[in-house]
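K.L.:
sequence first, predicted coordinates after that:
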Amino acid sequence: MKIYFWLPAAALLITFADGCSGSKHVKPSAMSFAPNVVVAHRGAWKKNNLPENSIASLQEAIRLGCTGSEFDVHMTIDDSLVVNHDAHYAGKVIDQSTYAELAKHKLSNGETIPTLRAYLLAGMKQTKTALVLEIKPAFSNKERGAYIAEKAVQLVRALKAEPWMMYISFDYNIVKKVSDLEPKARVAYLNGEKSPVDIKNDGVWGIDYHMDVFKKNESWIADAKKEKVNLNVWTVNKEEDLKWFIEKKFDYITTNEPELLFELIK
Ligand code: MG
């Protein structure tokens, strides 16, 4: 009898809790990225010896006021999107392992390897720092890249995380897939061989190239500005290099040294 009495009450409570969960996150309309160029590469981990790509490193990038915090995403064999740089984690190939197998091994700060869902939800508690999601090319099966891109976009939509997002990838098929699925999304290409004009013609939002690419093809900087292709560069850590890209007025500079970059742009 008691069970029958409590079931509707429990259902009501669950509905209520679920309905309230959105209020933990800031309304997208309040989104206004910090007006600086600083993108923390794999979060802000170095100074405080945090694990790269941990939620703690994302929270530190947010605390510093970075305009963006970058992180890398792979998919497990059972279709979980997880945040990690390498295609391997704890000696296992991520796309050949289940999430449960990976989750047995903690990060150095005690965190479980973050799911993309947990990472996005952590990032959506604020409105100053963009979530820069790198979709890694599929490791064992290259054909799976487009599927991973689709799954990542679906999750972003389900969480209503679009206003926080930037996407990057070395895999041009992934870049194009995300741009096709979300024509308004901020999507940038990482690999470095495409000119700003090519990128513009493909309807892609930006380029995010290794710093040597821009030093070799300096004219691409002006070309990108002319074509209104967004400019980001990775991974700039030395003071002289940081100064070079600040002077060239890049939209974003991705760095392992966000504290130093903040000092330089003061
Ligand atoms: Mg990355």
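P.N.:
All right, it came through fine. Numbering: from 1, shown residues only.
K.L.:
so who does whichever residue of the stretch 1-150 of the chain sits closest to the ion touch?
P.N.:
Closest contact between the stretch 1-150 of the chain and the ion, by C-beta to the ion, is at residue 134 (3.9 Å). Where you see a C-beta, it was placed from the backbone N, CA and C, and this is true even at glycine. By C-beta atoms under 8 Å, 6 or more residues apart in numbering, residue 134 lies in contact with 70-73, 167-169, 190.
K.L.:
try it again at 10 Å.
P.N.:
By C-beta atoms under 10 Å, 6 or more residues apart in numbering, the contact set of residue 134 is 41-42, 53, 70-74, 83, 85, 166-170, 174, 188, 190, 208, 234.
K.L.:
how about the secondary structure of it?
P.N.:
Classification of residue 134 using DSSP: H, G, I helix; E, B strand; the rest coil returns strand.
K.L.:
the helix or strand where residue 100 lies: which residues count as buried?
P.N.:
According to DSSP states H and E, residue 100 maps onto helix 99-103. Judged by neighbour count using 16 or more other C-beta atoms under 10 Å, the buried positions of helix 99-103 are 99, 101-103.
K.L.:
do stretch 53-73 and the ion come into contact?
P.N.:
Yes: counting by C-beta under 5 Å from the ion, contacts between stretch 53-73 and the ion involve residue 72.
K.L.:
for stretch 228-242, how far is the first residue from the last?
P.N.:
Distance across stretch 228-242, first residue to last, is 22 Å (C-alpha to C-alpha, to the nearest Å).
K.L.:
check whether it comes near the ion.
P.N.:
No: on the criterion C-beta under 5 Å from the ion, stretch 228-242 is out of touch with the ion, staying 7.6 Å away.
K.L.:
from now on call the first residue 390
P.N.:
With the count now opening at 390, the last piece we talked about shows up as stretch 617-631.
K.L.:
for that stretch, buried residues please.
P.N.:
Buried-residue list, stretch 617-631, by 16+ other C-beta under 10 Å: 618-626, 630-631.
K.L.:
among these, name the ones in helices.
P.N.:
Among the buried residues of stretch 617-631, the residues falling in helices (DSSP state H) are 630-631.
K.L.:
now the buried residues of stretch 617-631 in JSON lines, please, with extra columns for pLDDT.
P.N.:
Output for those, formatted as JSON lines (pLDDT from 0 to 100):
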{"residue": "618", "pLDDT": "98"}
{"residue": "619", "pLDDT": "98"}
{"residue": "620", "pLDDT": "98"}
{"residue": "621", "pLDDT": "98"}
{"residue": "622", "pLDDT": "98"}
{"residue": "623", "pLDDT": "98"}
{"residue": "624", "pLDDT": "98"}
{"residue": "625", "pLDDT": "98"}
{"residue": "626", "pLDDT": "98"}
{"residue": "630", "pLDDT": "98"}
{"residue": "631", "pLDDT": "98"}
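K.L.:
buried residues in stretch 521-536?
P.N.:
Residues 521-528, 534-535 are the ones in stretch 521-536 that count as buried (16+ other C-beta under 10 Å).
K.L.:
before we move on, the earlier item: ok, residues contacting the helix holding residue 489?
P.N.:
So helix 488-492 is contacted by 463-471, 473, 478-479, 481, 483, 486, 501-502, 504 (C-beta under 10 Å, 6+ apart).
K.L.:
next secondary structure element downstream of it?
P.N.:
For helix 488-492, the succeeding helix or strand toward the C-terminus, using DSSP H and E, is helix 505-512.
K.L.:
would you mind listing what in this structure touches the ion?
P.N.:
Residues of the chain lying near the ion (C-beta under 5 Å from the ion): 461, 523.
K.L.:
low-confidence stretches in the chain?
P.N.:
By pLDDT under 70, the low-scoring segments of the chain are 390-418.
K.L.:
any chance you could map the helices in it?
P.N.:
Per DSSP H, the chain carries helices over the ranges 391-410, 444-453, 488-492, 505-512, 534-548, 561-570, 585-590, 600-605, 608-616, 628-636, 647-654.
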